[in-house]
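Asker: pasting a predicted model and its sequence here:
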2 protein chains.
Amino acid sequence: MQNPQAHVVSVPCSYAGPGPKLTELAPGVSLPCSTLRFARNDEIFAEEEDADFVYKVISGTVRDVRILSDGRRQVGAFHLAGEVFGLDCGKSHRYSAEAVVDCEIALVRRAALDKAVEADGGAARKLWGLTSRDLQQLQDHMLLLGRKSAIERVASFLRGMFSRSPAGDAVDLAMSRTDIADYLGLTIETISRTLTQLERSNAISMPTSRHIVLHSRLALVEG
Amino acid sequence: MQNPQAHVVSVPCSYAGPGPKLTELAPGVSLPCSTLRFARNDEIFAEEEDADFVYKVISGTVRDVRILSDGRRQVGAFHLAGEVFGLDCGKSHRYSAEAVVDCEIALVRRAALDKAVEADGGAARKLWGLTSRDLQQLQDHMLLLGRKSAIERVASFLRGMFSRSPAGDAVDLAMSRTDIADYLGLTIETISRTLTQLERSNAISMPTSRHIVLHSRLALVEG
DNA sequence: CGTCCCCTTGAGTTATTTCAACACTCGTGG
DNA sequence: CCACGAGTGTTGAAATAACTCAAGGGGACG
């Protein structure tokens, strides 16, 4: 029996799955996929690369990255386990995606997705809805980048991470201070100082630098 | 004969059109619409409002606005004549849209659009493509807000306006310094100083404060 | 035990903001 | 015709939030 996913091994990383599986991109929209592992800091796709796949995080954390020619970097979003990414693009990607930590990623061929959309208007709307949600998050983030102070940015970031975490009041940050800084449009020093300040004002506690526990006072830092 | 658009007169502005027309949202996707006029600074739709329509600028300029409780404002995008907006949302709008100057706007019922999408997978993909394009522009804008200097922001803004203008090397800005500042995450004073600086360095000339002429040197201010 | 990476902290610098004053344009009405 | 006021844009001087540069701490790993 021929393996329909055999060609994806050309992607520069190890091939993990044995054969055809399904992954659910949106409620009720499941499509065949292959699963790949990426090591920390591996590139999942590159800017300018053809957008032949859509991706879903099985485990780990992914960052979207844009870079200016002089090295200035902007992280557009973080994708946690269960989230779909790489959907929001035309023919080619306009940013690159990288593994923040070791990741397991499901890849769905865009051709398969197009076929599903063609066949089922409901699926089209659900997937379009995913793009819309991404867009709304970017709009929130634009307000943050354009108009919020450092402490408001960090508090917003933490609140977002807490709300996406199963625990709700504790998170293990997968990303470094550099990633957070490039996400929030700040420097690592400002991130560090601001976290210290939040801890000193009892808004959070930091058992270790990557482990943050929410205290109720964080709500007071609004933005 | 009953006028299917009769109910839209509940929108708070004057009703301009006589009856059923069509507007082209994407290449080959034309839908029935009504045309309304909005005066300068009128709200076209509000944050939290149900997203019952999709909009297209016939003439004029529109801004997307988000506001923080303390009044800080972020302009998410400007929409010029011919551009579709209000498409990127779930059930309700997450930002408001306002007329920068007197505008003529085509309104398409979302129900009509949903029906068209249901019937034609190709239309779905084209409209989805519009949302994707918006999203890519927001990503560019995020990089600007997160990582670019004031002069780079203003130069990027002007380059964008020049490229959208039919003349290519001259624009009549419809928006005030306040709108530009809230779009670029700066203050009106910084906008004004930066434009003066660009003019003094011969990157542009400003016959009047709203009329900007491009000189070739603007390309040198990269970002 | 040394090295590397990441994070924190301090001191001084700077880009941008804030505050304040003034200039220009455009209606309106005396 | 000019005075007036509102709205908009420009400019200067002082203040400040965040950045840069520099040093040191601490954990992981060979």
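Answerer: Received the coordinates, thanks. Residues are numbered from 1 along each chain as shown, chains lettered A, B, ... in the order given.
Asker: just give me how far stretch A:114-131 sits from the chain centre.
Answerer: Going by CA atoms, centre = their mean, to the nearest Å, the spacing between the C-alpha centre of stretch A:114-131 and its chain's C-alpha centre is 21 Å.
Asker: actually stretch A:49-56, not the one I typed
Answerer: Centroid separation between stretch A:49-56 and its chain, computed with CA atoms, centre = their mean, is 14 Å.
Asker: what bridges to A:Ile204?
Answerer: Counting by DSSP bridges, A:Ile204 is bridged to A:Leu214.
Asker: I'd say it and A:Phe157 touch.
Answerer: No: applying CB atoms under 8 Å, one finds A:Ile204 not in contact with A:Phe157, separated by 11.5 Å. Any C-beta I mention is one placed from the backbone N, CA and C, and that applies to glycine too.
Asker: neighbour count for the two, which is higher?
Answerer: A:Ile204 (23 against 20; other CB atoms under 10 Å in any protein chain shown).
Asker: quick one: residues contacting the more buried one.
Answerer: Going by CB atoms under 8 Å, 6 or more residues apart in numbering or on different chains, A:Ile204 touches A:Leu158, A:Leu195, A:Leu198, A:Ile212, A:Val213, A:Leu214, A:His215, A:Leu218.
Asker: how about A:Glu199?
Answerer: By CB under 8 Å, 6+ apart, the contact list for A:Glu199 reads A:Ser205, A:Met206.
Asker: so it: helix, strand or coil?
Answerer: helix (DSSP: H, G, I helix; E, B strand; the rest coil).
Asker: residues near A:Ser165, how many?
Answerer: If you count neighbours by other CB under 10 Å, A:Ser165 ends up with 16.
Asker: name the helix or strand of chain A that has the lowest mean pLDDT.
Answerer: Ranked by mean pLDDT, DSSP states H and E, the weakest helix or strand in chain A is helix A:110-119, scoring a mean of 89.
Asker: for it, packing partners?
Answerer: Identification of packing neighbours for helix A:110-119 by 3 or more CB pairs under 8 Å, 6 or more residues apart in numbering or on different chains; DSSP states H and E yields strand A:29-38, strand A:53-59, helix A:121-147, helix B:121-147.
Asker: okay, these in CSV with mean pLDDT next?
Answerer: What follows is the helices and strands packed on helix A:110-119, written out as CSV (pLDDT from 0 to 100):
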stretch, mean pLDDT
strand A:29-38, 96
strand A:53-59, 98
helix A:121-147, 92
helix B:121-147, 92
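Asker: mind checking those for the one nearest to A:Ala97?
Answerer: Closest approach to A:Ala97 among the helices and strands packed on helix A:110-119 (CB to CB): strand A:53-59, 7.2 Å.
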